[in-house]
Structure formats: C-alpha cells, structure tokens
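Student: return a 3D structure for these sequence lines:
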Amino acid sequence: MEAKNYAEASKLLQPLLSADGQNAWFLDLATDIDLGQNKTNEAISRLKNARELRTNPVLQLNLANALLEGGQAGEAATILNRYTFNNKGDTNGWDLLAQAEAKLGNRDQELAARAENMALVGRLDQAISLLSAASAQVKLRSLQQARYDARIDQLRELQERFRPYQKM
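Tutor: Numbering: from 1, shown residues only. Sure thing, here's the model as predicted:
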C-alpha cells in the first residue's frame, strides 16, 4: 500500500478480512486502500458497518475522512464535532473538522477548529488570532461570538501562566 500498489495490497489483505472482517486494524487498512483507489463509497460503507465504529477513534476519523473525500462534508462535520468534543487533544480531529467546515463554507467554525489545533501544538498567539478572526465573522453579541471570546480569554490566561517559563 505504501508503494501505492493498491490492487496488490487489497489482494494480500483479503484473506485477513475474510478471517476477521471486523478487525479494526484490517478495516483501517482496507479503508486506506479503498480511498487510494478512489472507492469512497466502498470505504464509507465498510466503515459504517464496522461494529466498533462508535468506540474506535481511528475508525471514526477514517469515516469522517472518507465522507470528506466523498463530498459529504456535512455528515463528516457532524461526526467530527462529536469526535473533537470527546477527543479534545487530537490534532487530527481538529484538522479534519477545519477541512469539513471549510467545504461547508462555515468560515468562523473553520477558523475556530484551526485555532484549537494551533493551541494544542503550543502556538497560542496564532490560536488567539484565529479565534479573533472567527469572532469577527459572526453576529455581534451572539452566543457563538461569546464562545469564541471566552476561548480567547482562556488561551490568554494560559499564555500568562506559561510566560515565566518562556525563553528570554
């Protein structure tokens, strides 16, 4: 698969899938092969039928990614909003959510997801800047603006806590 020889990879994987078609590792690889062959519908179907979908974060991200590649950004965003709520520290989830929101034209939510990604990797100035831009995109005094502004306050507080540890 790494060599992009998807037909051969699929052929080698088939006996494993036949023996244990619900194995998350096998499903993950099969999905990657499907996507490599532009078989997004097969990947989506395979993942939606996975027994462990609700409990396995890898399968959830794979499904969201397949949905994005298959032009179903709305469904991907629904999955990713739930995913990032439960897995706040996963940069992959925030990155995919930003992509989904961008495809949906939700600029403020895209910026907010990118900001969370920046915050996770310690780039607090950039996170604050992105959240400020998101806040400016929404209606003045809206709940969404209040959420963005509150998150900006949290990140500024975090900056202050870590300021003594920064290199001088």
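
Student: remind me, longest helix of the chain?
Tutor: Longest helix of the chain, by residue count under DSSP state H: helix 143-162.

Student: quick one: that one to chain centroid distance?
Tutor: Relative to its parent chain, helix 143-162 has a centroid offset of 22 Å by Cα atoms, centre = their mean, to the nearest Å.

Student: for the residue nearest the centre of the chain, give me its contacts.
Tutor: Centroid check for the chain by Cα atoms, centre = their mean gives Gly93 as the closest residue, at 2.4 Å. With contacts defined as Cβ atoms under 8 Å, 6 or more residues apart in numbering, the neighbours of Gly93 are Leu61, Ala64, Leu80, Tyr83, Thr84, Asn87. Every residue, glycine included, has its C-beta placed from N, CA and C.

Student: which parts of this structure are helices?
Tutor: Using DSSP H, the helices found in the chain span residues 6-19, 24-36, 40-48, 57-69, 73-86, 91-104, 107-120, 124-137, 143-162.

Student: what's the separation between Pro15 and Arg107?
Tutor: Distance of Pro15 to Arg107, given as Cβ to Cβ, to the nearest Å: 47 Å.

Student: actually Tyr148, not the one I wrote
Tutor: Tyr148 is 12 Å from Arg107, by Cβ to Cβ.

Student: which of those two has more residues huddled nearby?
Tutor: Remark: of Tyr148 and Arg107, Tyr148 carries more neighbours, 25 against 14, as counted by other Cβ atoms under 10 Å.

Student: show me what contacts that one?
Tutor: Asp108, Ala112, Leu131, Ser132, Ala134, Ser135, Val138.
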